[in-house]
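> Sequence and predicted model, in that order:
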Amino acid sequence: MRKYYFTTFFLISLVTIVSCNATRNIEISTMEPAPVTLSRNIKRVGIIGGEVHVKEDNERTGLNLLISRENQQLALKAKDAAITGLFDELSSDKRFDTIILLEDIVQNGEDLQNYGNYLNWDTVESLCREYSVDAIFSMAYYESDTRVFLKKTTMEQPNLVRIKTKVSAQQITLETLIENGWRIYDSSSKLLIDEFTFNNQIVSTAKGLRPYEALQAIEGRTESILEQGKNTGSSYGSRLHPYEHSVTRDYYVRGTPGFEQAEVFTLTGDWDAAEDLWKKEAENPDSKISGKACYNLAVLNERNKRLADAMEWATMAYSKYKTKKLGAYIEALKSRQSKNQIILLQQTESFSSR
(Lines give C-alpha, C1' and ligand atoms only; values in the text may rest on other atoms or scores of the structure.)
Protein backbone atom coordinates (compact mmCIF):
# COMPACT_ATOMS: atom_id res chain seq x y z
CA MET A 1 0.00 0.00 0.00
CA ARG A 2 2.84 2.36 0.91
CA LYS A 3 4.43 1.62 -2.49
CA TYR A 4 1.14 2.49 -4.25
CA TYR A 5 0.89 5.85 -2.47
CA PHE A 6 4.53 6.58 -3.23
CA THR A 7 4.01 5.81 -6.94
CA THR A 8 0.88 7.95 -7.08
CA PHE A 9 2.63 10.81 -5.27
CA PHE A 10 5.58 10.54 -7.65
CA LEU A 11 3.34 10.66 -10.74
CA ILE A 12 1.37 13.62 -9.42
CA SER A 13 4.64 15.44 -8.70
CA LEU A 14 5.96 14.58 -12.14
CA VAL A 15 2.78 15.86 -13.83
CA THR A 16 3.02 19.09 -11.82
CA ILE A 17 6.66 19.61 -12.74
CA VAL A 18 6.46 18.61 -16.41
CA SER A 19 3.30 20.39 -17.41
CA CYS A 20 1.02 23.09 -16.16
CA ASN A 21 -1.09 23.02 -19.32
CA ALA A 22 -4.84 22.75 -18.96
CA THR A 23 -5.01 19.97 -21.56
CA ARG A 24 -3.04 16.94 -22.69
CA ASN A 25 -2.95 15.41 -26.18
CA ILE A 26 -3.88 11.89 -27.22
CA GLU A 27 -3.48 10.12 -30.57
CA ILE A 28 -6.60 8.29 -31.77
CA SER A 29 -6.45 5.67 -34.51
CA THR A 30 -9.07 6.07 -37.24
CA MET A 31 -9.97 4.55 -40.58
CA GLU A 32 -10.31 6.63 -43.72
CA PRO A 33 -12.46 5.54 -46.69
CA ALA A 34 -10.72 4.16 -49.75
CA PRO A 35 -9.91 7.06 -52.10
CA VAL A 36 -11.43 5.05 -54.96
CA THR A 37 -14.78 3.27 -54.93
CA LEU A 38 -15.42 0.69 -57.63
CA SER A 39 -18.76 -0.70 -58.71
CA ARG A 40 -19.49 -4.24 -57.60
CA ASN A 41 -19.94 -5.09 -61.29
CA ILE A 42 -16.23 -4.61 -61.98
CA LYS A 43 -14.77 -8.09 -61.59
CA ARG A 44 -12.44 -8.39 -64.58
CA VAL A 45 -9.90 -5.64 -65.21
CA GLY A 46 -7.16 -4.94 -67.70
CA ILE A 47 -3.91 -3.08 -67.06
CA ILE A 48 -2.34 -1.01 -69.79
CA GLY A 49 0.85 1.03 -70.01
CA GLY A 50 1.54 4.34 -71.70
CA GLU A 51 4.46 6.53 -72.67
CA VAL A 52 7.88 6.81 -71.08
CA HIS A 53 9.53 10.22 -71.16
CA VAL A 54 13.14 10.77 -70.15
CA LYS A 55 14.13 14.41 -70.09
CA GLU A 56 17.52 15.13 -71.59
CA ASP A 57 20.18 17.15 -69.79
CA ASN A 58 21.20 20.31 -71.62
CA GLU A 59 24.84 19.26 -71.42
CA ARG A 60 25.82 17.09 -74.39
CA THR A 61 29.07 15.67 -73.02
CA GLY A 62 29.93 12.01 -73.36
CA LEU A 63 29.18 11.49 -69.68
CA ASN A 64 25.71 13.04 -69.93
CA LEU A 65 24.88 11.07 -73.07
CA LEU A 66 25.89 7.85 -71.30
CA ILE A 67 23.70 8.71 -68.32
CA SER A 68 20.82 9.60 -70.65
CA ARG A 69 21.00 6.21 -72.41
CA GLU A 70 21.10 4.39 -69.08
CA ASN A 71 18.14 6.42 -67.81
CA GLN A 72 16.09 5.55 -70.90
CA GLN A 73 16.57 1.83 -70.33
CA LEU A 74 16.03 2.20 -66.59
CA ALA A 75 12.80 4.15 -67.07
CA LEU A 76 11.37 1.39 -69.27
CA LYS A 77 12.21 -1.21 -66.64
CA ALA A 78 10.79 0.98 -63.85
CA LYS A 79 7.55 1.42 -65.76
CA ASP A 80 7.25 -2.36 -66.12
CA ALA A 81 8.03 -2.73 -62.40
CA ALA A 82 5.25 -0.28 -61.56
CA ILE A 83 2.76 -2.23 -63.67
CA THR A 84 3.90 -5.45 -61.96
CA GLY A 85 3.33 -3.80 -58.58
CA LEU A 86 -0.21 -2.88 -59.56
CA PHE A 87 -0.85 -6.34 -61.00
CA ASP A 88 0.30 -8.02 -57.77
CA GLU A 89 -1.82 -5.70 -55.62
CA LEU A 90 -4.98 -6.23 -57.69
CA SER A 91 -4.36 -9.99 -57.84
CA SER A 92 -4.52 -10.12 -54.03
CA ASP A 93 -7.88 -8.33 -54.04
CA LYS A 94 -10.55 -11.03 -53.94
CA ARG A 95 -13.21 -8.80 -55.48
CA PHE A 96 -11.58 -9.36 -58.89
CA ASP A 97 -11.94 -12.60 -60.84
CA THR A 98 -9.37 -11.81 -63.52
CA ILE A 99 -6.48 -9.40 -64.02
CA ILE A 100 -5.10 -9.11 -67.58
CA LEU A 101 -1.95 -7.32 -68.72
CA LEU A 102 -2.73 -5.62 -72.03
CA GLU A 103 -0.33 -4.39 -74.69
CA ASP A 104 0.74 -0.77 -74.25
CA ILE A 105 -1.22 1.81 -76.19
CA VAL A 106 -0.22 5.45 -76.57
CA GLN A 107 -3.16 7.67 -77.39
CA ASN A 108 -3.18 11.31 -76.34
CA GLY A 109 -6.55 12.15 -77.84
CA GLU A 110 -7.43 15.82 -77.36
CA ASP A 111 -4.95 16.25 -74.52
CA LEU A 112 -2.01 17.16 -76.74
CA GLN A 113 -0.42 19.35 -74.05
CA ASN A 114 -0.05 16.43 -71.65
CA TYR A 115 1.95 13.25 -71.67
CA GLY A 116 -1.40 12.02 -70.49
CA ASN A 117 -2.28 9.09 -72.74
CA TYR A 118 -5.99 9.79 -72.25
CA LEU A 119 -7.72 6.83 -73.89
CA ASN A 120 -10.81 7.73 -75.88
CA TRP A 121 -13.95 5.79 -75.07
CA ASP A 122 -14.00 3.97 -78.41
CA THR A 123 -10.61 2.50 -77.55
CA VAL A 124 -11.70 1.64 -74.00
CA GLU A 125 -14.87 -0.09 -75.19
CA SER A 126 -12.97 -1.95 -77.88
CA LEU A 127 -10.39 -3.23 -75.39
CA CYS A 128 -13.07 -4.25 -72.90
CA ARG A 129 -14.94 -6.21 -75.59
CA GLU A 130 -11.81 -7.85 -76.96
CA TYR A 131 -10.49 -8.99 -73.58
CA SER A 132 -13.84 -9.32 -71.79
CA VAL A 133 -12.91 -6.89 -69.02
CA ASP A 134 -15.10 -4.40 -67.16
CA ALA A 135 -12.55 -1.65 -66.54
CA ILE A 136 -9.11 -0.47 -67.61
CA PHE A 137 -6.35 0.53 -65.20
CA SER A 138 -3.96 2.71 -67.17
CA MET A 139 -0.46 3.82 -66.29
CA ALA A 140 -0.84 6.95 -68.36
CA TYR A 141 2.81 8.00 -68.35
CA TYR A 142 6.17 7.58 -66.67
CA GLU A 143 8.45 10.61 -66.68
CA SER A 144 12.03 10.70 -65.47
CA ASP A 145 14.25 13.76 -65.17
CA THR A 146 17.84 13.33 -63.94
CA ARG A 147 20.10 16.24 -63.05
CA VAL A 148 23.85 15.61 -62.99
CA PHE A 149 26.10 17.51 -60.58
CA LEU A 150 29.90 17.28 -60.51
CA LYS A 151 32.25 18.85 -58.00
CA LYS A 152 35.86 18.55 -57.02
CA THR A 153 36.61 16.69 -53.80
CA THR A 154 39.15 14.37 -52.24
CA MET A 155 39.16 10.68 -51.49
CA GLU A 156 41.47 8.19 -49.83
CA GLN A 157 43.37 5.78 -52.07
CA PRO A 158 46.23 3.35 -51.37
CA ASN A 159 49.57 4.47 -52.79
CA LEU A 160 52.36 2.22 -54.08
CA VAL A 161 53.20 1.06 -50.56
CA ARG A 162 49.51 0.49 -49.76
CA ILE A 163 49.19 3.42 -47.42
CA LYS A 164 45.97 5.35 -47.82
CA THR A 165 46.46 8.97 -48.74
CA LYS A 166 44.12 11.73 -49.81
CA VAL A 167 44.05 12.44 -53.53
CA SER A 168 42.08 14.79 -55.75
CA ALA A 169 38.81 13.30 -56.96
CA GLN A 170 35.43 14.02 -58.51
CA GLN A 171 32.09 13.61 -56.78
CA ILE A 172 29.05 12.93 -58.93
CA THR A 173 25.45 13.35 -57.75
CA LEU A 174 22.44 12.19 -59.74
CA GLU A 175 19.10 13.68 -58.66
CA THR A 176 16.32 11.75 -60.37
CA LEU A 177 12.80 13.18 -60.28
CA ILE A 178 10.14 10.63 -61.17
CA GLU A 179 6.50 11.35 -61.96
CA ASN A 180 3.89 8.88 -63.11
CA GLY A 181 0.17 9.16 -63.61
CA TRP A 182 -2.58 6.55 -63.30
CA ARG A 183 -6.21 6.38 -64.41
CA ILE A 184 -9.14 3.98 -64.15
CA TYR A 185 -11.76 3.77 -66.91
CA ASP A 186 -15.18 2.22 -66.30
CA SER A 187 -16.41 1.03 -69.68
CA SER A 188 -20.07 0.48 -68.84
CA SER A 189 -20.65 3.91 -67.31
CA LYS A 190 -18.04 5.73 -69.41
CA LEU A 191 -16.58 7.26 -66.28
CA LEU A 192 -12.98 8.18 -65.54
CA ILE A 193 -13.21 6.76 -62.02
CA ASP A 194 -9.85 7.98 -60.78
CA GLU A 195 -6.83 10.01 -61.81
CA PHE A 196 -3.76 10.20 -59.61
CA THR A 197 -0.10 11.24 -59.89
CA PHE A 198 2.91 10.09 -57.88
CA ASN A 199 6.07 12.18 -57.49
CA ASN A 200 9.31 10.81 -56.08
CA GLN A 201 12.96 11.74 -55.89
CA ILE A 202 15.99 9.47 -55.72
CA VAL A 203 19.44 10.92 -55.04
CA SER A 204 22.61 8.92 -55.70
CA THR A 205 26.19 10.04 -55.13
CA ALA A 206 29.70 8.59 -55.34
CA LYS A 207 33.35 9.57 -55.73
CA GLY A 208 36.02 8.60 -58.23
CA LEU A 209 39.32 9.86 -59.59
CA ARG A 210 37.49 10.86 -62.76
CA PRO A 211 33.80 11.50 -63.53
CA TYR A 212 33.32 8.16 -65.31
CA GLU A 213 34.82 6.28 -62.39
CA ALA A 214 32.60 8.19 -59.97
CA LEU A 215 29.55 7.22 -62.06
CA GLN A 216 30.58 3.55 -62.02
CA ALA A 217 31.03 3.73 -58.24
CA ILE A 218 27.37 4.58 -57.64
CA GLU A 219 25.67 1.68 -55.88
CA GLY A 220 22.02 0.73 -55.55
CA ARG A 221 20.56 3.37 -57.87
CA THR A 222 19.05 0.88 -60.30
CA GLU A 223 17.59 -1.21 -57.49
CA SER A 224 16.16 1.88 -55.77
CA ILE A 225 14.44 3.15 -58.90
CA LEU A 226 12.97 -0.26 -59.73
CA GLU A 227 11.81 -0.77 -56.16
CA GLN A 228 10.27 2.70 -56.13
CA GLY A 229 8.47 1.88 -59.37
CA LYS A 230 7.01 -1.34 -58.01
CA ASN A 231 5.97 0.38 -54.79
CA THR A 232 4.20 3.06 -56.80
CA GLY A 233 2.10 0.47 -58.62
CA SER A 234 1.30 -1.30 -55.37
CA SER A 235 0.39 2.00 -53.72
CA TYR A 236 -1.99 2.84 -56.54
CA GLY A 237 -3.75 -0.50 -56.11
CA SER A 238 -4.04 0.26 -52.39
CA ARG A 239 -6.23 3.26 -53.21
CA LEU A 240 -9.07 0.75 -53.49
CA HIS A 241 -8.89 -0.02 -49.77
CA PRO A 242 -9.66 1.93 -46.57
CA TYR A 243 -6.52 2.93 -44.72
CA GLU A 244 -5.45 3.68 -41.17
CA HIS A 245 -4.99 7.25 -40.04
CA SER A 246 -4.59 9.02 -36.72
CA VAL A 247 -5.98 12.23 -35.30
CA THR A 248 -4.86 14.25 -32.31
CA ARG A 249 -7.40 15.17 -29.64
CA ASP A 250 -6.84 16.92 -26.34
CA TYR A 251 -8.57 16.39 -23.03
CA TYR A 252 -8.81 18.51 -19.90
CA VAL A 253 -6.49 17.79 -16.99
CA ARG A 254 -6.98 20.87 -14.82
CA GLY A 255 -9.89 22.44 -12.93
CA THR A 256 -10.47 20.16 -9.96
CA PRO A 257 -8.49 17.55 -7.99
CA GLY A 258 -10.58 14.95 -9.83
CA PHE A 259 -9.23 16.10 -13.22
CA GLU A 260 -5.67 16.05 -11.90
CA GLN A 261 -6.06 12.55 -10.45
CA ALA A 262 -7.64 11.38 -13.72
CA GLU A 263 -4.57 12.66 -15.58
CA VAL A 264 -2.38 10.45 -13.40
CA PHE A 265 -4.52 7.45 -14.33
CA THR A 266 -4.33 8.25 -18.06
CA LEU A 267 -0.54 8.46 -17.84
CA THR A 268 -0.44 4.97 -16.33
CA GLY A 269 -2.88 3.66 -18.95
CA ASP A 270 -5.76 3.19 -16.52
CA TRP A 271 -8.43 4.85 -18.64
CA ASP A 272 -11.26 3.07 -16.80
CA ALA A 273 -10.30 4.77 -13.55
CA ALA A 274 -10.07 8.12 -15.35
CA GLU A 275 -13.52 7.51 -16.83
CA ASP A 276 -14.99 6.98 -13.35
CA LEU A 277 -13.57 10.30 -12.15
CA TRP A 278 -14.78 12.18 -15.25
CA LYS A 279 -18.28 10.77 -14.78
CA LYS A 280 -18.30 12.13 -11.25
CA GLU A 281 -17.14 15.53 -12.53
CA ALA A 282 -19.87 15.42 -15.19
CA GLU A 283 -22.32 15.83 -12.28
CA ASN A 284 -20.47 18.89 -10.98
CA PRO A 285 -22.86 21.83 -10.40
CA ASP A 286 -20.38 24.12 -12.17
CA SER A 287 -21.50 23.89 -15.81
CA LYS A 288 -18.00 24.69 -17.09
CA ILE A 289 -16.44 21.85 -15.09
CA SER A 290 -19.28 19.52 -16.03
CA GLY A 291 -18.96 20.42 -19.71
CA LYS A 292 -15.23 19.72 -19.71
CA ALA A 293 -15.80 16.34 -18.07
CA CYS A 294 -18.44 15.44 -20.66
CA TYR A 295 -16.01 16.45 -23.39
CA ASN A 296 -13.33 14.19 -21.92
CA LEU A 297 -15.80 11.32 -21.89
CA ALA A 298 -16.60 12.01 -25.54
CA VAL A 299 -12.91 11.82 -26.44
CA LEU A 300 -12.54 8.61 -24.42
CA ASN A 301 -15.46 7.00 -26.25
CA GLU A 302 -14.03 8.09 -29.58
CA ARG A 303 -10.72 6.50 -28.55
CA ASN A 304 -12.62 3.28 -27.80
CA LYS A 305 -14.33 3.43 -31.24
CA ARG A 306 -17.80 4.11 -29.76
CA LEU A 307 -18.71 7.05 -31.96
CA ALA A 308 -22.42 7.12 -31.08
CA ASP A 309 -21.59 7.39 -27.36
CA ALA A 310 -18.91 9.97 -28.15
CA MET A 311 -21.50 12.08 -29.98
CA GLU A 312 -23.90 11.88 -27.02
CA TRP A 313 -21.26 13.06 -24.57
CA ALA A 314 -20.04 15.79 -26.93
CA THR A 315 -23.58 17.08 -27.41
CA MET A 316 -24.10 17.08 -23.64
CA ALA A 317 -20.80 18.94 -23.20
CA TYR A 318 -21.87 21.60 -25.70
CA SER A 319 -25.21 22.09 -23.95
CA LYS A 320 -23.34 22.91 -20.73
CA TYR A 321 -20.25 24.67 -22.01
CA LYS A 322 -20.80 26.27 -25.41
CA THR A 323 -17.43 26.94 -27.04
CA LYS A 324 -16.14 26.96 -30.62
CA LYS A 325 -13.86 24.08 -29.69
CA LEU A 326 -16.77 21.84 -28.71
CA GLY A 327 -18.75 22.86 -31.78
CA ALA A 328 -15.80 21.97 -34.00
CA TYR A 329 -15.39 18.64 -32.21
CA ILE A 330 -19.02 17.73 -32.84
CA GLU A 331 -18.51 18.46 -36.54
CA ALA A 332 -15.38 16.28 -36.51
CA LEU A 333 -17.38 13.42 -35.01
CA LYS A 334 -20.10 13.86 -37.63
CA SER A 335 -17.42 13.66 -40.31
CA ARG A 336 -16.04 10.46 -38.80
CA GLN A 337 -19.52 8.92 -38.69
CA SER A 338 -20.08 9.82 -42.35
CA LYS A 339 -16.73 8.32 -43.31
CA ASN A 340 -17.55 5.12 -41.43
CA GLN A 341 -20.75 4.84 -43.44
CA ILE A 342 -18.74 5.18 -46.64
CA ILE A 343 -16.29 2.51 -45.44
CA LEU A 344 -19.20 0.21 -44.61
CA LEU A 345 -20.62 0.76 -48.10
CA GLN A 346 -17.23 0.11 -49.70
CA GLN A 347 -16.82 -3.09 -47.71
CA THR A 348 -20.33 -4.17 -48.71
CA GLU A 349 -19.47 -3.53 -52.36
CA SER A 350 -16.26 -5.51 -51.96
CA PHE A 351 -17.76 -8.47 -50.10
CA SER A 352 -20.82 -8.66 -52.33
CA SER A 353 -18.61 -9.22 -55.35
CA ARG A 354 -16.74 -12.17 -53.86
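Right, received. Where do you want to start? Numbering: from 1, shown residues only.
> Can you list the low-confidence ranges for the protein?
1-20, 57-59, 107-117, 160-161, 349-354 (pLDDT under 70).
> at 80 what do you get?
For the chain, the stretches flagged by pLDDT under 80 are 1-21, 56-61, 105-117, 158-164, 347-354.
> That one - how does it break down into domains?
Domain ranges of the chain: 2-33+244-352, 44-241, per automatic domain parsing.
> For those, could you give me TSV that also reports mean neighbour count?
For glycine as for every other residue, the C-beta is placed from the backbone atoms N, C-alpha and C. Shown next, in TSV, are the domains of the chain (neighbours: other CB atoms under 10 Å):
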stretch	mean neighbour count
domain 2-33+244-352	16
domain 44-241	16
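> pretty sure D186 contacts A135?
Yes: at 5.2 Å, D186 and A135 qualify as touching, with contact defined as CB atoms under 8 Å.
> Which neighbours do these two have in common?
Counting by CB atoms under 8 Å, 6 or more residues apart in numbering, the shared contacts of D186 and A135 are L38, I42, I193.
> Can I get those residues in TSV including distance to C294 and secondary structure?
What follows is the shared contacts of D186 and A135, written out as TSV (distance: CB to CB, whole Å; DSSP: H, G, I helix; E, B strand; the rest coil):
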residue	distance to C294	secondary structure
L38	41	coil
I42	45	coil
I193	43	strand
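> Closest one to C128 out of the residues you listed, please.
Using CB to CB, I42 is the member of the shared contacts of D186 and A135 that lies nearest C128, at 10.5 Å.
> so where do the strands sit in the stretch 151-300 of the chain?
Remark: strands assigned in the stretch 151-300 of the chain by DSSP state E, counting those that start in this stretch are 164-186, 191-208, 243-252.
> of all those strands, which lies closest to S338?
Across the strands of the stretch 151-300 of the chain, the minimum distance to S338, taken as CB to CB, is reached by strand 243-252, at 14.6 Å.
> now for that closest one, which elements pack on it?
Packed against strand 243-252, as judged by 3 or more CB pairs under 8 Å, 6 or more residues apart in numbering; DSSP states H and E, are the following elements: strand 23-32, helix 287-303.
> now these as CSV including distance to S235?
Output for the helices and strands packed on strand 243-252, formatted as CSV (distance: least, CB to CB, whole Å):
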stretch, distance to S235
strand 23-32, 15
helix 287-303, 29
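> quick one, which of these is nearest to E331?
Comparison of the helices and strands packed on strand 243-252 against E331 by CB to CB identifies helix 287-303 as nearest, at 12.8 Å.
> who's in contact with the closest one?
26, 28, 249-252, 255-256, 259, 262, 271, 274-275, 278-284, 307, 309-314, 316-321, 326, 329, 333, 336.
> re earlier: reformat the strands of the stretch 151-300 of the chain as TSV; add distance to N120.
As requested, these are exported to TSV (distance: least, CB to CB, whole Å):
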stretch	distance to N120
strand 164-186	10
strand 191-208	11
strand 243-252	33
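> For N21, which of these is the nearest?
For those, proximity to N21 was assessed by CB to CB; strand 243-252 is nearest, at 8.9 Å.
> So what are the sheet partners of that closest one and their directions?
Each strand paired with strand 243-252, and its direction, by DSSP bridges: strand 23-32 (antiparallel).
> what's the following helix or strand after the partner strand?
strand 44-55 (DSSP states H and E).
> how about the helices of the stretch 51-200 of the chain, start to end?
Here the stretch 51-200 of the chain has its helices, by DSSP state H, counting those that start in this stretch, at 62-91, 121-131.
> any chance of these in TSV, plus distance to I178?
As requested, the helices of the stretch 51-200 of the chain are exported to TSV (distance: least, CB to CB, whole Å):
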stretch	distance to I178
helix 62-91	7
helix 121-131	26
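> And these: which comes nearest G220?
Closest of these to G220 is helix 62-91, at 12.7 Å (criterion: CB to CB).
> chain center to the closest one, what's the gap?
Centroid separation between helix 62-91 and its chain, computed with CA atoms, centre = their mean, to the nearest Å, is 23 Å.
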